[in-house]
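Trainee: With the input below, show me the fold.
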Amino acid sequence: MTELAAVLPDDPLRDEIEQFARTHRLAERTRALDARPEFPWNEFRAMGKAGWLGLTMPPEHGGRGLPLRRAGVLLQEFGFQTGTAFAKLSLQPEFSSILAAHGSDAQRLRLALPLARGETLVGNQITEPKAGSDLSLLTTKVEHRGGRLFLTGTKSQVAFAADAQTAIVYARSDRAGATGVSAYAVPQDVPGIERRIIGDLGECWMRRGTVKYASVELSPDQLIGEEGRGLEYLKVELTHERALLGAIYLGVARASWEETVREAGNRIVFDGPLSDQEAVAFPLVEDGTRLAAAWLYCERVLDRLDRGERADDAAAMSKWFATDVALTTIDHAIQFHGGRGYSKELPHEQRWRDVRSGMLAHGTSEIMHRVAARRRWPKGRRSPGRRP
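Mentor: Numbers count the residues shown, from 1 in each chain. This is a model prediction of the structure:
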């Protein structure tokens, strides 16, 4: 048993995920989506029918209602079996959890439930060309004119820009004060919306791009929750997402690590297995140890969140740590498979490109450090103790 597999809790749903992934050939489908990017509607619908979408969402909103810690175990298994694509699709309702947590009954019925069933795709639109990590710079706005609402602005780096049927758009409201940001559920097939795909290094199936809004008319019932509280809602959602994403990346890296361990034991060089070479064996045993350690840290963070503790700093660092460990592990897999590892013949290069998004999406690695640092040293406050 491998180091990471040894510390993962037993869960009967892990076996079900393995069977589901094999039945639907999800690992092969992940490779195909890289070569020919498109949204995998058939698999998405199958996941919804089987109950693999929205693991932590309440049953009344279409999910399984699992605690975060258990969801992390299952998402790690999805990453191991399939790569990032279907693991992240499993998490998609959590990416839109603001609907279940703060949406109206009509919004839950129209969007949250169909999303969990795989019947509709809801995306998120936060980042702008001049507002990435610093959300105080958001300029997309909703204006009230003569009793009507109009959305204007540009969102960039938008996942599912080509395929989302509805988007949760974060925009400034002229009635929410200078800093107030609200969230709106916006259909993507209405007049005044222009969508453009940009193309990415990895996770090409997401078809990220830019979405422009030119005075798109909204109705009051498209507001999610209270006006001006969008970023407050988003902060809670992001904290959960970050720890769960870390679990996915560790599962993907575990697949490359196990395959490389087997390769090192079977490939003969200099009259012995490649594993006899310390330059190969030592990094691999270190990678196995780090994978296990990173998972244990993620698991502890998820357990704290399940208990209702504040853990935004720890969640941020669990995402950074897991991504860093995963990328190093997959990079070693590429290296120790030689030229084949660098080629598209094997899945390692795609896994590296897909996991590399983890250093940028849902908060860059640098912002993860900032979140943790601000918790330890609140801005404008001295640390307790004697002055120097």
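
Trainee: List phi and psi for A161.
Mentor: phi -60, psi -30 (degrees, to the nearest 10).

Trainee: Can you show me the strands along this structure?
Mentor: 122-125, 141-145, 148-158, 166-173, 181-187, 193-197, 209-218, 223-224, 268-269, 272-273 (DSSP state E).

Trainee: what's the nearest residue to T328 if we skip its chain neighbours?
Mentor: D287 (6.8 Å; Cβ to Cβ, 6 or more residues apart in numbering). Using the backbone N, CA and C atoms, a C-beta is placed for each residue, glycine as well.

Trainee: Could you measure from that neighbour over to A322?
Mentor: Distance, D287 to A322, using Cβ to Cβ, to the nearest Å: 13 Å.

Trainee: More neighbours: which of these two?
Mentor: When D287 and A322 are compared on other Cβ atoms under 10 Å, the one with more neighbours turns out to be A322, at 29 against 26.

Trainee: and the closest residue to K49 other than its chain neighbours, how many residues sit next to it?
Mentor: Among residues not flanking K49 along the chain, G118 sits closest, at 6.6 Å (Cβ to Cβ, 6+ apart). By the criterion of other Cβ under 10 Å, G118 has 25 neighbours.

Trainee: And V216, by the same measure?
Mentor: 21.

Trainee: Would you indicate which residues of stretch 12-19 are buried?
Mentor: The neighbour-count check on stretch 12-19 (16 or more other Cβ atoms under 10 Å) flags 13-14, 17 as buried.

Trainee: let me redo that: stretch 366-376
Mentor: So for stretch 366-376, counting by 16+ other Cβ under 10 Å, buried means 367-368, 371-372.

Trainee: and if you look at stretch 114-133?
Mentor: 114-128, 131-132.

Trainee: Same question for stretch 336-351.
Mentor: Buried residues in stretch 336-351 (16+ other Cβ under 10 Å): 336-337, 341, 346-351.

Trainee: Run through the stretch 101-250 of the chain and note the low-pLDDT ranges.
Mentor: 176-179 (pLDDT under 70).

Trainee: How about the contacts made by F270?
Mentor: 276-277 (Cβ atoms under 8 Å, 6 or more residues apart in numbering).

Trainee: Quick check: it vs S90, distance?
Mentor: Counting by Cβ to Cβ, the gap from F270 to S90 is 44 Å.

Trainee: Tell me how far stretch 319-326 lies from the chain's centre.
Mentor: Centroid separation for stretch 319-326 versus its chain: 13 Å, with Cα atoms, centre = their mean, to the nearest Å.

Trainee: coming back round to it: tabulate the buried residues of stretch 12-19 in TSV, adding columns for pLDDT and distance to I193.
Mentor: Output for the buried residues of stretch 12-19, formatted as TSV (pLDDT from 0 to 100; distance: Cβ to Cβ, whole Å):
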residue	pLDDT	distance to I193
L13	96	39
R14	96	41
I17	98	36
